[in-house]
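Student: Quick one: sequence plus predicted model below, questions after.
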Amino acid sequence: MNILGIGAHPDDLDVCCGGTLARFSEAGEKVTMCVVTDGRAHPVGDPAGVSALRRSEAQASADLIGAELRWLGIPDGGLVDDIPTRHKFIQLMLDVSPDLIITHAPDDYHSDHNYTSRLVTATIQMAWAPPPELAGEPVRKRVPVAFMTTANGIHFSPQDYVDVTDVWDTKIKMVMNHHSQYLPGPDHDASMIQEPLDQYYLYRLTRVMGEFYGLALWTRYAEAFCWWQAADRFVPRRLLP
Ligand SMILES: [Zn+2]
């Protein structure tokens, strides 16, 4: 299967579904991780420099599980639903031809997350009959869309879970690759990380959500999903690992 994860910011997929993507990859599925915005928020330097740094961090996470990174490069905080942006998303659908998409739920805390969700559900439908100026074969199959957890699980009622206990160390490495999100100063590397990791909000958020969703599955760590319930979005078999 072609698995396409689409996150608004460079660390979103790692935090919310990194373990599931790792499990897909381990199972031999092709995984593409798309980062929609350029990650220039929370500046520690000039926007282009911050964006390049965040891209390299996302690349390191993708490399860790053998995934392909796609970087749409839309300015962080500036994502809107307009025709040029829709075309970027449709082109992504044509290029990847996904069998399953994992993205943000439509009611999350950040406008970029909500627009990403809305753009995904709009454009996977349009990829059936794409605008003629875009290159590639139309995506003429049923492509289910799974929504990964919102931040802190707020306004999110899970319908499905994936046990990520066996890939937890990989998931934490993916999350902690995003040094610029939690280490001070303009220059970051792994040698600056200090124990206990719980002092870093990004780690604590990931751990607590993993353990919380793990309770529902009677396992140590899990990730939670719900499904976009719409015509053409169901297949009669389980897709998640
Ligand atoms: Zn985000």
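Tutor: Cool, got the structure.
Student: Now do the helices in the protein.
Tutor: 12-26, 47-64, 83-96, 111-126, 168-176, 201-217 (DSSP state H).
Student: Tell me which of these is the most buried.
Tutor: The highest mean neighbour count among those, using mean count of other CB atoms under 10 Å, belongs to helix 12-26: a mean of 27. Every residue, glycine included, has its C-beta placed from N, CA and C.
Student: when you compare where the lowest-mean-pLDDT helix or strand in the chain runs with where helix 12-26 runs, what's the angle?
Tutor: When each helix and strand of the chain is scored by mean pLDDT, DSSP states H and E, helix 47-64 comes last, with a mean of 93. If you take axes from the mean of the first three to the mean of the last three CA atoms, to 10 degrees, helix 47-64 sits at 30 degrees to helix 12-26.
Student: Any stretches of this structure with poor pLDDT?
Tutor: By pLDDT under 70, the weakly predicted segments of the chain are 42-44.
Student: can we see that at 90?
Tutor: Scanning the chain for pLDDT under 90 picks out 39-50, 180-192.
Student: Just the closest residue of it to the ion, please.
Tutor: Residue nearest to the ion within the chain: His9 (3.4 Å; CB to the ion).
Student: what does the chain put close to the ion?
Tutor: Ala8, His9, Asp12 (CB under 5 Å from the ion).
Student: and if we set it to 8 Å?
Tutor: By CB under 8 Å from the ion, the residues of the chain that approach the ion are Gly7, Ala8, His9, Asp11, Asp12, His104, His110, Asp112, His113, Ala151.
Student: Now for the fourth one: which residues touch it?
Tutor: Contacts of Asp11 were listed using CB atoms under 8 Å, 6 or more residues apart in numbering, and they are Glu57, Ala58, Ser61, Val175, His178, Gln181, Leu202.
Student: before we move on, back to that, of all the helices of the chain, which lies closest to Ala146?
Tutor: Closest approach to Ala146 among the helices of the chain (CB to CB): helix 12-26, 8.2 Å.
Student: quick revisit: what about the residue of the chain closest to the ion, neighbour count?
Tutor: For His9, the count of nearby residues is 26 (other CB atoms under 10 Å).
Student: hang on, isn't Val145 packed against Arg118?
Tutor: No: using CB atoms under 8 Å as the test, Val145 is too far from Arg118 to be in contact (11.4 Å).
Student: Identify the residue spatially nearest to Leu13, adjacent ones excluded.
Tutor: Excluding its sequence neighbours, the residue lying closest to Leu13 (CB to CB, 6 or more residues apart in numbering) is Gly7, at 3.9 Å.
Student: who are the neighbours in contact with the residue nearest to Glu133 when sequence neighbours are not counted?
Tutor: Distance criterion CB to CB, 6+ apart; nearest residue to Glu133, sequence neighbours excluded, is His87 at 7.8 Å. His87 makes contact with Pro131, Glu133, Leu134 under the criterion CB under 8 Å, 6+ apart.
Student: before we move on, back to that, the residues of the chain next to the ion in strands, which ones?
Tutor: Among the residues of the chain next to the ion, DSSP state E puts Gly7, His104 in strands.
Student: Pick out whichever of the residues of the chain next to the ion sits closest to Leu69.
Tutor: Using CB to CB, Gly7 is the member of the residues of the chain next to the ion that lies nearest Leu69, at 10.9 Å.
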